[in-house]
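Q: Here is my input, please return the structure:
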Amino acid sequence: MKKHPGPVVHLSDNPADPNKLLIGFENGVLALWDLVNKVADYRYNCNQPVHSIAWHYEGKQFVCSHSDGTLTIWNMRSPANPANIISHMRSIHPLLWRVTHREGFQTPSITIMQGKTTTVLEMEHPVVDFLTLCENPWPSNPEEPYAVVVLLESDLVVVDLASDGYPCFENPYPMDLHESPVTCIQYYADCPSELITEFYSAGASILNRKKQAYSQKNWPIKGGRWGACGSSNTEVIITGHADGSIKFWDASQVMLQVLYKVKTAKIFEKSKQAKSLNGDDEPFAIQLITMCKESKVLAVVGASSHIILFRFSKIEVSTELSILEISIVYTSEDPDTPEGEAPPLSAPAALKRNASSISTCSISSIPATSNQTLPEEPPSPGASEPNPTMDGCRNNIPNLRVKTGFHKRAVGYQPDLCCQLLWVDDEAPPVVTGVAVNTAYGLLAIGTTNGLAIVDFMQKSCLLNMGTPDLYGSADPYQRTPRSPRKNKMADIVEQLVNDSIHPQGEQNGGPTSPTNVQQRRTKNNHHDPGRLQRSKSQGVRKVVKTASTTSESGNGEDRSESSFTRSRSSSMSSLEKESREGVQSVAFAESYTRKEEAVTCPCLWVGTTLGSVLGIVVNLPPPGEQRLSQPVIVSPSGTIFRLKGTVVLLAFLDCVGILVPPAYEPWKDHNKEERDTKDKRMATLQTRTSRMSPSSSTEIADRQFIVISSEKEIKVISLPSQTCTYKSKICDTSYLVRADVFNLHNSVCLACYVANGHIMAFSLPSLRLLLDEEYLPLTDLRIGRTFQMSAKGKGVYQCSPTEIQRLTVCSETSENLHDMLGDLFLPVETPEAPSRGFFKGLFGSGSSSLDREELFGENSGKASKSVAKHIPGQIGIDSLRAASGGAMSEVAKARIALQERGEKVSELEQQTAAMMEHAENFAQASHQLMNKYKDKKWYQF
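A: Alright, predicted model coming up:
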């Protein structure tokens, strides 16, 4: 060749003669190179550019794939013209000469040709590459492929070639590698032991429907080995994805095993125009996940400000999904109006601690009972037909439409309630920043950037729905002047309702207050638009709660794209007081003390805001049983306020001896199965629940309790009910706390904090003694801050990249056992013996011999040619020298290990040499004795 042919696209050995190397150039020129003589034996000229080349196992022919879709078969010794040309429709890139080639049509597919039969297997995703699995690894023998492994853009498929119809093998691992990006993570390291089994059973019941299309053979890809020991805890990781799917993973071992998958997008109607609140094309993306492990109740928050409550069931049923539509309006009037400059109304002395604590929305959301009749309103437009108003703006409609009617629910998590925040006056719903569910109370708390909503998911009603400033009442520490005249008119009604919720008239007379009397007093003092104080109910089980809360000044410049992770970082209290918009960041249910010197604990909800306030809300529950389903739940702010610097990120509770107090829960029971049980069994269950849910007295918890509050700047441990700050610790002056979690570790309770400067800090509780302060990972990506969390025994996870989840631990015991937990991905296997050539094949064959590549290309090959490129390193910089000097000790350690291994190999070689010498001596003695025996005998004497 007078000039270089161009880029090389293929290199392969002749299966029958490794001395021959086939070189394929992109322009269509092929050359069969003799490695020993360093000359080209044959040259082949193709008319089209070459993409791939594959040898026949006999080594006498090879096939080329070209850019125009043709296949050319060449005889090795006939370079003039190809032996055969096969036409194809499209360009073929990968090619193996066994029985397969790729892509027959526009649809991604694999074409399998066996004899005169051609089979086209369509794929769901574009094909990236494929590989055949053969019984024999040597290319010089017939391969006998039994499966083909196809790598797709979002999946991995293995096709059974030995079965009729070419079915796929059932994949035991999650191979939808990049099906949908992970948007949130929830980690539980101390789950009940039966939880994984039930999740796996729910997932297997769905897969059983598809097993008929799978091959009956086992998964063909094998290898690896488990570690010597695993985790003693049952660990579960829940991932939320951009397409609205939720996956449950078994994380008890060092690997992740998918257990179950839930698709939340099936609940909503499909719409091509659907978008999330920040304008993305992912309206179903999961943002928050919380699960009650004992009762198996799951609450998820989507990107369209929708909250879905799931219940776990082992029975497949057809149900209709209940819907609650809630609006939290954070409006401000014109500051120049005279009404807006009116001073706030002062509360009576008896109401100082919880004055002005219920807004218009909470009035309208108290549910009706059998003794209370509320006028029915027509179905809301947002419930069935969410159309905009006449002027084109969206008002009182949700971002997504929920499917109505009865639908079949598979075994596993079944949707029970869907809460949707509404558009109001063309303003998008607020972003949900926190959610808490308590199955013992039957309540769901929703914190948003505007305020708080409390939902009774047993009665499917909204109990409380108000802006954050309304939670303070007259005790607002930021002195926000109410500018809405409507709120001033409602002041008397609000205070009266607060007084009624704290001192009901029924208690003075020795009996409970009936809902009818409460409604009569509410109607008597109501001077506001009655239409906005009524709970609207639509047809069937579909309920709509559309209420508005009017608060003080607000700004509309908030960025919703970063959801709950975007908040103020200023530590100055003066700058905090200038904030016009305050949101709820964290919510937590607990049996706690809400007021000073209380004698007994009661169910309550603690709320942490973005301006560092912690407020307590009292929950008055009806007696369990039928009354719980008919009588309303009354919630009212207690007036207790704690203040910290920065956004509140954690609320936790300890008893008097420092033991973590878990939230109350209802033991799991299948509600679908319960409906079929008798009434006697149901009453027995309710009686058991009554005894467990009764409030405990203060003597049972040694007259006090601790509440642990962590904000971005500081941590406080407050003793209850005295409400005194027992311990306090400052996080950092130059950074802020991103995530905090409380967990049990070695019979003690610890608080782990992740700081934005990359430090991981651990404190003892309740003393707040610093146990650990290590620099780990700076907050360079918001994804890390959103997903970082710690769980039991000091184990934690976070999402380090869009496709990777990193696990970590702060426990030294787990770190020491990590080596034993790690398994082996690959196990060394001896290579089977190469097939023998045979006497006649070697005698009449081409005379090719085996080639030692070490002699050809190694140190024994002599001096390299001048035309061979050499790597000439440049000047070593200071950083490289530092890196080299820093790794000197590790290199010395490696050298010692290598020397030790070399010594062991030398000793083994000495033992083998001694054994061979002994064997040789024995053979020599036996040969000598045999020679002496027959040396004097004639040939005819044998």
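
Q: Next, the distance between the ends of stretch 706-719.
A: End-to-end distance of stretch 706-719: 5 Å, with CA to CA, to the nearest Å as the criterion.

Q: Mind listing what's buried along stretch 802-811?
A: By 16 or more other CB atoms under 10 Å, the buried positions in stretch 802-811 come out as Ile805, Leu808, Thr809, Val810, Cys811. To be clear about C-beta, it is placed using only N, CA and C from the backbone, and glycine gets the same treatment.

Q: Would you mind listing where the stretch 151-300 of the chain has pLDDT under the threshold?
A: 174-178, 207-212, 228-231, 272-280 (pLDDT under 70).

Q: Let me see the ranges of the helices in it.
A: 194-207 (DSSP state H, counting those that start in this stretch).

Q: Please report the distance of the nearest residue to Lys263 once chain neighbours are set aside from Ile286.
A: The shortest distance from Lys263 to any non-neighbouring residue, by CB to CB, 6 or more residues apart in numbering, is to Ser245 (5.1 Å). Distance, Ser245 to Ile286, using CB to CB, to the nearest Å: 8 Å.

Q: and what of Leu259?
A: 17 Å.

Q: ok, those two, which is more surrounded?
A: Ile286 (28 against 23; other CB atoms under 10 Å).

Q: so what's the more buried one up against?
A: 183-184, 240-242, 244-246, 264, 300-303 (CB atoms under 8 Å, 6 or more residues apart in numbering).

Q: Kindly reformat those as JSON lines containing neighbour count and distance to Gln911.
A: Formatted as JSON lines, the contacts of Ile286 follow (neighbours: other CB atoms under 10 Å; distance: CB to CB, whole Å):
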{"residue": "Thr183", "neighbour count": "25", "distance to Gln911": "60"}
{"residue": "Cys184", "neighbour count": "21", "distance to Gln911": "60"}
{"residue": "Gly240", "neighbour count": "26", "distance to Gln911": "60"}
{"residue": "His241", "neighbour count": "21", "distance to Gln911": "58"}
{"residue": "Ala242", "neighbour count": "19", "distance to Gln911": "62"}
{"residue": "Gly244", "neighbour count": "26", "distance to Gln911": "65"}
{"residue": "Ser245", "neighbour count": "20", "distance to Gln911": "60"}
{"residue": "Ile246", "neighbour count": "23", "distance to Gln911": "60"}
{"residue": "Thr264", "neighbour count": "23", "distance to Gln911": "66"}
{"residue": "Val300", "neighbour count": "26", "distance to Gln911": "65"}
{"residue": "Val301", "neighbour count": "27", "distance to Gln911": "68"}
{"residue": "Gly302", "neighbour count": "29", "distance to Gln911": "69"}
{"residue": "Ala303", "neighbour count": "25", "distance to Gln911": "68"}
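
Q: Among those, which one sits closest to Val159?
A: Nearest to Val159 among these: Ser245, at 25.9 Å, using CB to CB.

Q: Helix, strand or coil: sort out Ile23 for me.
A: Of the three states, Ile23 takes strand under DSSP: H, G, I helix; E, B strand; the rest coil.

Q: Contacts only, for the closest residue to it other than its chain neighbours.
A: Once flanking residues are discounted, Ile23 sits nearest to Ala31: 4.7 Å by CB to CB, 6+ apart. Residues near Ala31 by CB under 8 Å, 6+ apart: Leu22, Ile23, Phe25, Ala40, Tyr42, Arg43, Tyr44.

Q: cutoff 6 Å now
A: Ile23, Ala40, Arg43 (CB atoms under 6 Å, 6 or more residues apart in numbering).

Q: quick one: the second one from Met76, how far?
A: Ala40 is 13 Å from Met76, where distance means CB to CB.

Q: If you count surrounding residues, which of those two has more?
A: Met76 (22 against 14).

Q: Distance check, the residue nearest to the more buried one when sequence neighbours are not counted against Gly823.
A: Distance criterion CB to CB, 6+ apart; nearest residue to Met76, sequence neighbours excluded, is Lys60 at 5.6 Å. Per CB to CB, Lys60 is found 44 Å from Gly823.

Q: With distance to Ser927 and pLDDT as extra columns, can I get the contacts of Ala31 in a markdown table?
A: Listed next are those as a markdown table, based on distance: CB to CB, whole Å; pLDDT from 0 to 100:
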| residue | distance to Ser927 | pLDDT |
| --- | --- | --- |
| Ile23 | 53 | 91 |
| Ala40 | 52 | 88 |
| Arg43 | 57 | 90 |
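
Q: Could you list the buried residues of stretch 73-89?
A: Within stretch 73-89, the residues that qualify as buried by neighbour count (16+ other CB under 10 Å) are Trp74, Asn75, Met76, Pro79, Pro82, His88.

Q: Alpha carbons only: can I get that stretch in CSV?
A: In CSV, the C-alpha atoms belonging to stretch 73-89 read as follows (Å, rounded to 0.1, in the frame of the first residue of the first chain):
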residue,chain,number,x,y,z
ILE,A,73,-18.9,-13.5,3.0
TRP,A,74,-15.2,-14.0,2.0
ASN,A,75,-13.2,-17.1,1.6
MET,A,76,-9.8,-16.5,3.3
ARG,A,77,-7.8,-17.7,0.3
SER,A,78,-9.9,-16.0,-2.4
PRO,A,79,-9.4,-12.2,-2.0
ALA,A,80,-10.6,-11.3,-5.4
ASN,A,81,-14.4,-11.4,-5.0
PRO,A,82,-16.7,-12.2,-2.1
ALA,A,83,-18.2,-15.7,-2.0
ASN,A,84,-21.7,-14.4,-1.2
ILE,A,85,-23.5,-11.2,-0.8
ILE,A,86,-26.6,-10.8,1.4
SER,A,87,-28.8,-7.8,1.1
HIS,A,88,-30.2,-6.0,4.1
MET,A,89,-32.4,-3.0,4.7
